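>>> Fold the following, please.
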Amino acid sequence: MNNSRRKFLKTGVLLTAGAALMPRDLFAGAKKIERTGVQLYSVRDAMQKDPKGSLKKIADAGYLFVEHANYVDRKFYGFSAKEFKNLLIGFGLEMVSGHTVMTAQDWDTSKKDFTDKWKHTIEDAAIAGQKYVISPWLDESLRTDTEALKRFMEQFNKCGELCKKSGMKYGYHNHNFEFKTVVEGITLYDFILKNTDPNLVVQQMDVGNMLGAGGIAIDLINKYPGRFELMHVKDEVKSETGGGMDGYDSTILGTGVMPIKDIVLAARKSGGTTQFIIEQESYQGRDPFDCVKTDLDNMKSWGF
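Reported below is the predicted structural model:
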């Protein structure tokens, strides 16, 4: 049976035709479901030119789960939420999470409610089948305005409540500035974790983005056990051009300078991580699809 189906059959129960169509989460009970997927930004150019062909290649590489990085005018890569979900289903894929930036302007202070634009964002995410809505940015104007930042963290919590109504979770994804910015004597990243309700706001730790800014993934896992339900799994090498993020470029998992295998195992053991999203943004001359296939193969060899 395809390993995308959870082992929901008890000993002696016969597999029926209908059972093959049951949701992957069925019979999971209280056990947290672990998924290994890919951020579609890894193949961003191809996704822009040929979404259908690109998704087929992702499926052929062995992936079952994807995370989007393109939601514009209520469409995912040019498709409505329902159309994109059906497209994914056709390739045996599921979109577990997606990146959509939430700003302070998405909260209407006069109505004390989210704007229709943001409500549509959450609605479309649910229609597309997402489990998580992830915001991957924090506007520069908020980063050092402590009072505005605190209000925005409360908006995070409110968004967690909004997502919960649709059976989803809201989360935040870091870059590098969270480790360079100090707020009330602590890093902005510490501030975000200390001022959001872990029951309402999950964290998607990008282990590569933080490297050049001094963020050490394993140290954070130990400092905040159970707080990182999602992870962007990356390995890094020194940039040959001096570009990248703080002088680092992402590379094939297990071939860079990061102890990435130790990180993902620690995340599974004590980080609370169940959603491992592979992302590779630089390719060192290789084809992006070849890269993400090798990345997945390496993760599988580590037991994922």
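
>>> mind listing the helices in the stretch 1-150 of the chain by residue range?
Listed in chain order, the helices of the stretch 1-150 of the chain (DSSP state H, counting those that start in this stretch) span residues 44-49, 51-60, 81-90, 116-127, 146-165.

>>> could I get those as JSON lines with mean pLDDT and distance to residue 304?
In short, each C-beta sits where N, CA and C put it, glycine included. Conversion of those to JSON lines gives the following (pLDDT from 0 to 100; distance: least, CB to CB, whole Å):
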{"stretch": "helix 44-49", "mean pLDDT": "98", "distance to residue 304": "23"}
{"stretch": "helix 51-60", "mean pLDDT": "98", "distance to residue 304": "17"}
{"stretch": "helix 81-90", "mean pLDDT": "98", "distance to residue 304": "21"}
{"stretch": "helix 116-127", "mean pLDDT": "98", "distance to residue 304": "25"}
{"stretch": "helix 146-165", "mean pLDDT": "98", "distance to residue 304": "26"}
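
>>> With respect to residue 247, which of those lies nearest?
Distance to residue 247, taken as CB to CB, is lowest for helix 44-49 among the helices of the stretch 1-150 of the chain, at 21.7 Å.

>>> Was I right to think residue 201 contacts residue 163?
No - shown here, residue 201 and residue 163 do not form a contact pair, counting by CB atoms under 8 Å, at 9.5 Å.

>>> okay, and the common contacts of these two?
Taking CB atoms under 8 Å, 6 or more residues apart in numbering as the contact criterion, the residues that touch both residue 201 and residue 163 are residue 170.

>>> Name the nearest residue to residue 69, sequence neighbours excluded.
residue 41 (4.0 Å; CB to CB, 6 or more residues apart in numbering).

>>> isn't the one you found right up against residue 278?
No - Residue 41 is not in contact with residue 278 according to CB under 8 Å; the separation is 10.8 Å.

>>> and those two? which has more neighbours close in?
A direct count of neighbours by other CB atoms under 10 Å for residue 41 and residue 278 places residue 278 higher, at 25 against 17.

>>> Give me the pLDDT for that one.
As predicted, residue 278 sits at a pLDDT of 99.

>>> now swap in residue 12 and tell me
In the prediction, the pLDDT value recorded for residue 12 is 36.

>>> Might you report the residue contacts of residue 75?
Residues near residue 75 by CB under 8 Å, 6+ apart: 81, 84.

>>> Tell me where the stretch 151-300 of the chain has strands.
Secondary structure of the stretch 151-300 of the chain (DSSP state E, counting those that start in this stretch): strands at 169-173, 182-183, 186-187, 201-206, 230-233, 235-238, 248-251, 275-278.

>>> now these as a markdown table including distance to residue 136?
Compiled in a markdown table, the strands of the stretch 151-300 of the chain are given as follows (distance: least, CB to CB, whole Å):
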| stretch | distance to residue 136 |
| --- | --- |
| strand 169-173 | 4 |
| strand 182-183 | 19 |
| strand 186-187 | 18 |
| strand 201-206 | 8 |
| strand 230-233 | 9 |
| strand 235-238 | 18 |
| strand 248-251 | 15 |
| strand 275-278 | 11 |
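
>>> Fine by me, we can end here.
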